[in-house]
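Asker: Everything below, folded, please.
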Amino acid sequence: MSQEISQINVNGVEIPIVFEKDASLPLVSVQLVVKNAGSMEDGANEGIAKFLAGMLGEGTKEMGATAFAEELEFRAISLDAHAGVETLVFEASALKSSFLMLWR
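Answerer: All right, here's what the predicted structure looks like:
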């Protein structure tokens, strides 16, 4: 497994990126960690981080939670979000052949 650490500049803000590659399995996984966005940062809006994380699995306007979960399972796609004390984390993983469907 190889690992590369770099940074990208977005509007003058340096964002660290960790890229790991392991070609032993045909899987793709992405994890987005947002610092200072967890439950400790909610302030007057208590629960907003957990609410946002919970919304990820609730489907869409046209497709309810059950149909959305069945569609993800059919395509072997895993979506998850959780709110920690200091971070909000979004994760997506899928078979390499299904991964591009996540970003349509």
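
Asker: hmm, who's touching the top helix by length along the chain?
Answerer: Longest helix in the chain by number of residues (criterion: DSSP state H): helix 65-74. The contact list for helix 65-74 (Cβ atoms under 8 Å, 6 or more residues apart in numbering) reads Gly57, Glu58, Gly59, Thr60, Met63, Ser78, Leu79. Glycine gets a C-beta too; all of them are placed from N, C-alpha and C.

Asker: how many other residues sit next to the first one?
Answerer: It stands for Gly57. When neighbours are defined as other Cβ atoms under 10 Å, Gly57 has 13 of them.

Asker: Per-residue pLDDT of the nearest residue to it once chain neighbours are set aside, please?
Answerer: Distance criterion Cβ to Cβ, 6 or more residues apart in numbering; nearest residue to Gly57, sequence neighbours excluded, is Ala65 at 6.4 Å. pLDDT, Ala65: 87.

Asker: cool, and Gly12?
Answerer: For Gly12, the predicted pLDDT is 90.

Asker: and it, how far is that from Gly59?
Answerer: Per Cβ to Cβ, to the nearest Å, Gly12 is found 37 Å from Gly59.

Asker: show me where pLDDT drops low in the protein?
Answerer: Along the chain, the model assigns pLDDT under 70 to residues 1, 41-46, 100-104.

Asker: Let me know the angle separating the very next helix or strand once past the longest helix of the chain from helix 65-74.
Answerer: Sequence order places strand 77-83 as the next helix or strand after helix 65-74, per DSSP states H and E. If you take axes from the mean of the first three to the mean of the last three Cα atoms, to 10 degrees, strand 77-83 sits at 120 degrees to helix 65-74.
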